[in-house]
Every structure is written in C-alpha cells, then in structure tokens.
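1. generate coordinates for the sequence data below:
(2 chains)
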Amino acid sequence: MNLTLKIWRQKNANDKGQIVTYPITGIEGDMSFLEMLDILNDQLITNGDDPVAFDHDCREGICGMCSLYINGEAHGPDRLVTTCQLHMRKFKDGDTIFIEPFRAKAFPVIKDLVVDRSSFDRIQHSGGFISVNTSGNTQDANSIPISKNAADEAMDAATCIGCGACVASCKNSSAMLFVSAKVSQYALLPQGQVEATDRVLNMVKQMDEEGFGNCTNTGACEVECPKGISLENIARMNREYLSASLKG
Amino acid sequence: MATLDSKIPEGPLKDKWTNHKNNIDLVNPANKRNIDVIVVGTGLAGGSAAATLAELGYNVKAFCFQDSPRRAHSIAAQGGINAAKNYQGDGDSTYRLFYDTVKGGDYRSREANVYRLAEVSANIIDQCVAQGVPFARDYGGLLDNRSFGGVLVSRTFYAKGQTGQQLLLGAYSAMNRQIGRGKIKMYNRHEMLDVVIVDGKARGIITRNLVNGEIERHSAHAVVLGTGGYGNVFFLSTNAMGSNVTAGWKAHKKGAYFANPCYTQIHPTCIPVSGDHQSKLTLMSESLRNDGRIWVPKHQKDVEAIRNKTLKPTQLSEEDRDYYLERRYPAFGNLVPRDVASRAAKERCDAGFGVNATGEAVYLDFASAIQRYGKEQAHIKGLNENDDALVKSLGKAVVKAKYGNLFQMYEKIVDENPYETPMMIYPAVHYTMGGVWVDYNLQTTVPGLFCIGEANFSDHGANRLGASALMQGLADGYFVLPYTIGDYLSNDIRTGTIPTDSPEFEEAEKSVKETINHFINNDGSKPVDYFHKKLGKIMWNKCGMSRNEKELKEAITEIAELRAEFYKDVKVPGTANEFNEELAKAGRVADFLELGELFAKDALQREESAGGHFREEHQTEEGEAKRRKEFQYASAWEYKGEPKDAVLHKEELTYENIKVKERSYK
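-> Numbering: from 1, shown residues only, chains lettered A, B, ... in the order given. Predicted coordinates for the structure are as follows:
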C-alpha cells in the first residue's frame, strides 16, 4: 500500500504547529497503525530528520497511553479499539490519512502528537478512590455478597483506560464519560457508598476547574470510546451529583 | 564487598514471617514524617508500595516513565491473581499454594519467601475488594474462581480478561488518595538513570524529565525499585514498548547483585509473529487453556494442505488431530505449566507440524468447549440438546462472556474469527523470573536499596506459574516491603534530609550527562531500533526456548561486538533538552546490550535444565528438563566492569519443608 500522511508537527508547547505531508510506501495490511508510524520514523531518522513524537506503550489496547486523532476520529475508523490495535487493513492503497493530536484545552500539546493528560490524574486525586488503608486486617472478601449484575456493571465502567478519546471526540471537550465511569464503578459497589457524596462533588468540581466542557448529550464519546463505556454512566453520575448536591 | 546473606528468619516455616514481624524494629509515627522514600515504578509492586508507605506516614516520591502511574505494564496482565482462599472447598491451602509455586518453579526459588507469599495471598484479595476492585462474582454474589496451569485447584480470582488492569487501578486509586493528601509526590514522565550511593547506602537517584530533558537529583533515606522485568532484551516480547532494565541494571552497576538472568518465561499462548515490521507480541491469556484445546495435525500431508489453504482446520476429523499436551501429560492436559507447554509447541513445530506459513504456530481450539457449554445451557433451559445450531449459539455466548475481550483482540490483530476457526498461537517472551538479588527483607546487596515485584528474583524460581505475578507484585508492595523497610529505616530517624549537593550526587549526575551527550553527539548512521532488533535476534535464536554451549558462547561474542558497534554507529536525532524518545530508547538499549551478555553467560554457566532454562545437553529421554543437584543454588552476579568479568556468588537453596522431586505433570 502507498499512502499520503498529513501529520501535525509541533516542536513544543509554545510552537504554533502545522500539518506536514509525508508519502509512505510498502505498507502491509497486517501492520498496526503505530508500526506504520515506526517505519516512517525509521526513515526520518535515517535521513537526519526529527521523528514524529507520539505516545504509546503496551500496544495491546489496555494501557491507554496511545491516542491520535485519525481522519477526524479518535483512535481512527475502527470501532472498540485503540490506535495501537488499529490495523492498516482498514485503509486502502492511495489513501490520504490525517493524523492529529487529541485536542482540548485541558490536554495541552507537549510535542507533535503527544499531549499532557495530567488533568485526568488530578480529577482522580480529588476523589477517585475508596479510603481504606492497607492493613492485612480488612474483612474477608466474601463477607459482603455483591449481586453479579452490580459487579458486572461496575466492571464495565471500571474498564475505562483513561485515554481521553471521549474528550477529543466531544465538541465541548467534556470529560463526563471519563469521570462518570469512575463515579459509576464506586456507586455500583457497596464499598463505594460511604464516600459517595464527597466523591462526586469533588470530582466534578475538579473536572470543571481543569477546563473541560459540559455534556450536551451528543454521544460522540460513546461511539469513539475504545472500551465501549456507556452513556448510561453519565446519567448515573448526574443522578449521583444531584442527590449529593441536595445532601451536601 | 557485600556478602550474600539471605537473612531467612529462624524457626518453623509457618512461623517465620509472624516471628520476623514481631522482632524487627519499627519507626514511630512521628519519626516517619521525617523519613523520605523513593519508589521507582508504579506497577502493582511500586504502586502498592508507594501507597502503603505513604499511608504509614513516610514521605514518598514516586517515579514512572509513562504519562500516568496508571499505565504501568501490570495493566496488561489478563488472566488473574492466585490466592489460597479455598473458597471452592477443593482442598486449597497456604501450604498447597506454596508447594505448587516451588514445584512450578522447578525447585529453584527460596522456600521462606514463597511460603510468605502464599501466606499473605488471601489478604490481597480482601484488600482489593475493600478498594472497590470489581472481581468476577457468581450468581450468589460471592467471588468466582478459575484454574491456571500447573495446579489442581481453582484459586485464581479474576476480573474478565483484565485482572491486571483492575488491580493496578486499585493500587493507583490508593496512590491517588495519598497524592491528594500530599504524602506522595508523583513524578510522571521521569526516567531513573542512576542510583546514588552515599557512605555505602542508597540515598537517592538521578532522573531525566522526559518532557524537557532536565537532569534532576532526588534524595531519600531509602530507594525502592519496582521497575518490572527485562523481557524486552529479546526486542519482541509481550512487554510494553517502554519496559526496560535500566533501573535494575544501574543498581547492578552500583553494587547490587543480579540473580539468575537466564530464567525467562516464554509464554505458550501468544499471537504468532506476522512479519519483520512487528514491534511487539500479544499474549492470549493462559486462562484460555481452561477451555481451549491445543493441537496440530497428526499427518504431514494435512499440515501441507493447511499451509496451502486447501484444507481448513475445522475440516480435519478428530482422529487426524494430535492433541499433544493431552497425549503427553494426561493428568494436567492443556493446563501444564508454561515452560512445559511452550517446549511442547516448539517440539511439534520443529518436527514440521506448525500450521502457518512460517511453520511456527499451533492451534488453540474452542470448538469442544462451545459444544460442551452449549449442551449444558440447552439442558438448563430445557431446549433441544441435539439441535446443532442452537447448541453452538448457546455455547458461543458462554465463551463470549468468559473470554470476549480476548477473542475480540485476536480478531482485530489476525483478522480471523476465533469462534469459527481455531486460534493460531506460538510461544513468546513474557516474563523474567531473574532479577536483582534480594534477601528476605527484599533488600539488595546495597544497603537501603530495595527491589520488589518482577524486578527482583526471589519467588518464582526457574518458572513462574500463571496468575502468580500479580500476587507477588501486590504481596511485596502491600504487605512485605512496608514492614521490612521499617527495620532498615529505624536507624535513620535522626539523619535528617539527605542533601543533594554532595560529591556523590555530583559524580552520578556528571556520568549520566556524559552518556547522554555521547548519544546526542555521536556521528552514527543507524537508528536505535536497528541494534535492538539485532540483539533480539541473537537472544531469541541462541538464548531462547532451548540453549546449548556452542550457541551461548557465540551469543556472548556477538552481543559484545554488537555493543561496540552500537556505541560507534547509533544515530540519535534531536537534542538532550527536549522530548526525545529516541534518546530515551538509546539509554535503555545500551543497558539491554550489557544485560544480554550477562544473560548468556549465566545460561552457559548453568549446566542443567530447570524450568524456563532448557539446556539441550541436559534433558531426560522424553525430552523433559533435567535438573542437577549440584546446581541447587541461585546465581548472583557481581558487577566488575564488563559483563564478561562478572563474578558469580552462589546462594545455596535448601528445602526443608518440601521434597525435591523430578517435576512430573503426566
């Protein structure tokens, strides 16, 4: 396959940045999208040019480090996969592919396609936990039965990898899907009840302070989420928030 | 020179840990506020240790090279975590978990450490549930279990095929609570490039900020490494792209002995290599062997037909298939330990029965599981058990509920539907049992330098059992290190903050900068990956699933030559003062090029076969690993300038509570 890549290049956070065109040849369908970029970088380095910076680590769709806005979609055209698991068989010979960073006010660009997502971490610091110290004396794991449905639903929410595709896909750069996944996981489990009120209030407050936008129920986040996190979580967070505000 | 004292406490095995905890020194809560601890790595071991130390009151500085602690590679662990809870009432106990682990490790692990691991395993599950980890449950609301290789009980707790993710997010949430309180200062996108020794004690580290290239000095009263394994010395492995040995290797160069580097786990069920472009390999969880059956065709003509695509594997009748694990190991069948399953796959493929174009793949087939589950469901629902289509669709639904995310992952990568046609799998490098040598307190041969999780060597011997890595990482971080480090730190309550302007910090920073400048200014012609891939080929071909004297000797020479070529001809673009991934990679590959040589030297020295280390010269008539009594020790290597000059120290392994036998899974 021969392709034309149009890649966002930006030297650092202060640089203005621009799209640069790179032709690439000899790409096979079995290659992953990032392996295709490896080949490009190999050529750039050999020619004495600066390779394209992009975040990646596990390359099996679970660490949440890879990002990329490909042809206008977070993680590209395939569904329920991250960029590292997107394969080139989804493209055709002669295609032009636009590759940009995840864009949001709360995700400033570090270099090229690498963005700073530490705002997500700070939201978690504000309440994404259950306050239980490690002691070795915690009660037995089976002492509180949890219905299979609740456990499964909590697991579905907990499966979020924190990649930020939801923010990048949202016209308002809202982080509601991400935050609601964490709020939901704990809201669905008995262990999460004790701190439920403070948790949702604090996490939402931090989310707003980071500069993420509001949710207007477009649903793009759910479509682009590589882990299939459901919009129902946002509804659940809104309920939790409302009831916490009344109590709070 | 440091001596090798394992510091195993006196007394009967089952009382050692309790007695030890009762006898070691503690630091009072007020004094803990005056003590700083550095934790490098935020996976299950590092993350859980950082959180627990902060809960206890120490000032923790935690470091990871990823953009968030949540991305450490523990997150990719799929299948589960072992714990001796005996919730299934199937005869499990602390002793049995201990026994299985020592036997699975082919009698090359330290008895006292393994028993302690089994002992605290049950606490881990309690702790994680309290944190809100959504483990799988059955309809009664209690925790569910599955089986893993090498054992005869169901003791593995799991969260779909994403157990590592959920446990890591649990540890991450515990860290977040402490970061929010200011007890952990988190340094993301920071790479440790050296450990600083002051007056013989580890007192800090030198790091590089990966965003702006700044070299920083960080001091503490103790340094903990939870930096994972070194499987990427093979280039292709199931590790993350960034996983590296640098922290452990720098510690080694500063006096920490490196133990059993040759013990590598080659995992039997990974997606086969598809071409030269490949950057990493993807694991298919061992849990699949609960239900999947492994086979190759019995006849060469069918192999040819399958490779030519004139025959589909589903068309081959039962009698024309060789379920070689079930044939060779009737007692454990498809659930033999990983080293055994991997070698058996290699044996069949070497004999010419590999089922893909490269001849390096075997089938993992779910057809009979789909049938079995389908019939069961039809029976439960009172439907027609003889309706093939119905049974198949019911069976697929069960398999999907159990392994759905793994099947989806396979389909995305290979472009075949594993519900309809058997998966193709082949062994790949997955985990390293070797690592930095530590005593019972998890302290290295450098005082004040501790090493936990996969980065150390102690618990898995020559082969790790499935679902035991998560157990060890969390055991070390939550329940062992936070106690044992107190004993060391109790001497530091009056020390005060460690200054970073000492000559030792000065010297360490200077040497880090010199290496970086060498790479940046080098007038080379080839990218870092060129050398990494070459190293990987040498390692896989000559230090892989089977090893012999001739090839190991060749490997030692070739790696040394490659290392010289690397320093001469590597090309690193850009500058030192910016985001520069190639520069980071160059430093990591430089360390792999030294470790690789020590690895081969260790494999050459160990003239026996044990677990994942298979020397062709030492095998039974049936081709199984043959241990030798005279090698019943851990090899701890002392750094002496070049890998070839490393000096061997032996820690004799004694087994007082378990009879050393020939391992059999027949």
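2. check contacts around the residue nearest in space to the middle of chain A.
-> Per CA atoms, centre = their mean, the C-alpha nearest to the average position across chain A is that of A:Cys163, at 2.0 Å. By CB atoms under 8 Å, 6 or more residues apart in numbering or on different chains, the residues touching A:Cys163 are A:Gly64, A:Met65, A:Cys66, A:Ser67, A:His75, A:Thr82, A:Pro226. In short, each C-beta sits where N, CA and C put it, glycine included.
3. JSON lines for those residues, including distance to chain B and secondary structure?
-> Output for those, formatted as JSON lines (distance: CB to the nearest CB, whole Å; DSSP: H, G, I helix; E, B strand; the rest coil):
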{"residue": "A:Gly64", "distance to chain B": "6", "secondary structure": "coil"}
{"residue": "A:Met65", "distance to chain B": "5", "secondary structure": "coil"}
{"residue": "A:Cys66", "distance to chain B": "10", "secondary structure": "coil"}
{"residue": "A:Ser67", "distance to chain B": "10", "secondary structure": "coil"}
{"residue": "A:His75", "distance to chain B": "12", "secondary structure": "coil"}
{"residue": "A:Thr82", "distance to chain B": "10", "secondary structure": "coil"}
{"residue": "A:Pro226", "distance to chain B": "11", "secondary structure": "coil"}
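4. which one (most neighbours) among the residues you listed?
-> Highest neighbour count within the contacts of A:Cys163: A:Thr82, with 30 neighbours (other CB atoms under 10 Å in any protein chain shown).
5. name the residue of chain A that lies nearest to chain B.
-> A:Pro145 (2.9 Å; CB to the nearest CB).
6. can you report how many residues lie near that residue?
-> For A:Pro145, the neighbour count with other CB under 10 Å is 14.
7. give me the nearest residue to it, chain neighbours excluded.
-> In space, and not counting its chain neighbours, A:Pro145 is closest to B:Gly141: 2.9 Å by CB to CB, 6 or more residues apart in numbering or on different chains.
8. roughly how far apart are the one you found and B:Pro12?
-> Here the criterion is CB to CB, to the nearest Å. By it, B:Gly141 lies 38 Å from B:Pro12.
9. over to B:Ser68?
-> For B:Ser68, the distance to B:Pro12 (CB to CB) stands at 44 Å.
10. cool, and B:Lys301?
-> B:Lys301 is 60 Å from B:Pro12, by CB to CB.
11. for residue 127, list the residues it contacts.
-> You didn't pick a chain, so chain A it is. Shown in contact with A:Gly127 (CB under 8 Å, 6+ apart): A:Glu195, A:Asp198, A:Arg199, A:Val200, A:Leu201, A:Asn202, A:Met203, A:Gln206.
12. was after chain B, sorry
-> A:Val132, A:Thr134, A:Ser135, A:Gly136, A:Thr138, B:Leu474, B:Tyr478.
13. what strand or helix carries B:Ala112?
-> In the assignment (DSSP states H and E), B:Ala112 maps to helix B:111-131.
14. strands of the stretch 51-200 of chain B, start to end?
-> Along the stretch 51-200 of chain B, counting by DSSP state E, counting those that start in this stretch, strands occupy B:59-63, B:81-82, B:156-157, B:184-187, B:190-198.
15. now do chain A
-> Applying DSSP state E to chain A gives strands spanning A:3-9, A:18-24, A:69-70, A:73-74, A:96-100, A:109-111, A:114-115.
16. mean pLDDT and distance to chain B added to the ones you listed, as JSON lines?
-> Output for these, formatted as JSON lines (pLDDT from 0 to 100; distance: least, CB to the nearest CB, whole Å):
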{"stretch": "strand A:3-9", "mean pLDDT": "98", "distance to chain B": "13"}
{"stretch": "strand A:18-24", "mean pLDDT": "98", "distance to chain B": "12"}
{"stretch": "strand A:69-70", "mean pLDDT": "98", "distance to chain B": "15"}
{"stretch": "strand A:73-74", "mean pLDDT": "98", "distance to chain B": "16"}
{"stretch": "strand A:96-100", "mean pLDDT": "98", "distance to chain B": "16"}
{"stretch": "strand A:109-111", "mean pLDDT": "98", "distance to chain B": "4"}
{"stretch": "strand A:114-115", "mean pLDDT": "98", "distance to chain B": "7"}
